[in-house]
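Undergrad: got a sequence here, can you model it:
(one chain, ligands or ions: 1)
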Amino acid sequence: MDFMKPETVLDLANIRDALVRMEDTVLFNLIERAQFYRTADIYNESLFTVPGFHGSFLDWFITEQEKIQAKIRRYEAPDEVPFFPDELLKPILPPVNYPNILAPYYKEININLEIKQIYTEKIVPLVAACDGQQPENWGSTSVCDIECLQALSRRIHFGKFVAEAKYQQETERYRKLILDKDIPGIEAAITNSAVEELILERLKKKVDLYGVDPSLKWSQKQQGKINKDAVVQIYKTWVIPLTKKVEVDYLLRRLEE
Ligand SMILES: C=C(O[C@@H]1C=C(C(=O)O)C=C[C@H]1O)C(=O)O
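TA: The predicted structure is shown next:
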């Protein structure tokens, strides 16, 4: 997705192609996470202390990662959303003059703390190797966690581009719904059940393709690297609904001057 070309970025077909490509990133990162135990201690705020920092080990690691990635302008990109925006450091690279594709408030649409809570409390238990602790793997496990969280965040917040594309396609329809503060109406207008169904069916095939080592014998292939039903549930229960939440949150403010 070339964010320097607004006309391609706001083409709904291009946006959907980008979402399809993000499935691979999300799935591969979940497969990596599935190698490790749940290790819930990583997410426990009371188990980890760094002077001057309040939060879990994962919160600390995300904060430190985002600080260094902000220095190479990661969060100037319109499709990148930080988990701790107030902690970012200034870039050492010159600014990129991205065209104004989204409405001026787009950076304020940030549901990453909700994504992090769902990820640590609901998604990790579904994909982790087992429910135990691996204190020796706090580092490796949290590296996978951050990759998963950044991939999920980017996919879900891409809902801003979807919403802007839909608004520009049917401006008058959305203007009326927004003026009426008709949230159910907006939710119905942005929903495309056929696309959602295609996504879930494609994910099942991708788990079979990416989640099984082709060199294994048929009998060994049954135990893939990640549970297919879990991946479908993650998208159906959280990824798609949260993407639509981002679309609705973005659209509700779209008539702001
Ligand atoms: C992303 C879109 O908006 C909605 C959200 C979808 C998703 O998160 O996968 C798919 C279809 C729509 O219900 C879209 O229309 O493509």
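
Undergrad: what helix or strand is whichever residue of the stretch 151-257 of the chain sits closest to the ligand on?
TA: At 3.4 Å from the ligand, residue 243 is the closest residue in the stretch 151-257 of the chain, using Cβ to the nearest ligand atom. Backbone N, C-alpha and C define where each C-beta goes, glycine included. Element membership of residue 243 [criterion: DSSP states H and E] is helix 240-252.

Undergrad: and that helix, what's buried?
TA: 240, 242, 243, 244, 245, 246, 247, 248, 249, 250, 251, 252 (16 or more other Cβ atoms under 10 Å).

Undergrad: between the residues you listed, which is nearest residue 144?
TA: Closest approach to residue 144 among the buried residues of helix 240-252 (Cβ to Cβ): residue 242, at 20.2 Å.

Undergrad: quick check: the closest one touching residue 114?
TA: Yes. Counting by Cβ atoms under 8 Å, residue 114 is a contact partner of residue 242 at 7.3 Å.

Undergrad: any idea which helix or strand comes after the helix or strand of the chain with the lowest mean pLDDT?
TA: None of the helices or strands of the chain scores lower by mean pLDDT, DSSP states H and E than helix 218-221, at a mean of 64. Per DSSP H and E, the first helix or strand lying C-terminal to helix 218-221 is helix 228-234.

Undergrad: does the ligand have contacts with that following helix?
TA: No. Using Cβ under 6 Å from any ligand atom, we find that helix 228-234 stays clear of the ligand, coming within 12.0 Å at best.

Undergrad: near the ligand, which residues of this structure are found?
TA: 16, 162, 190, 191, 192, 195, 196, 199, 240, 243, 244.

Undergrad: pretty sure the first one contacts residue 196?
TA: No. Under the contact definition of Cβ under 8 Å, residue 16 does not touch residue 196, with a separation of 11.2 Å.

Undergrad: after the top helix by length along the chain, which helix or strand is next?
TA: Ranked by residue count, the top helix of the chain under DSSP state H comes out as helix 12-33. As assigned by DSSP H and E, the chain's next helix or strand after helix 12-33 is helix 57-71.
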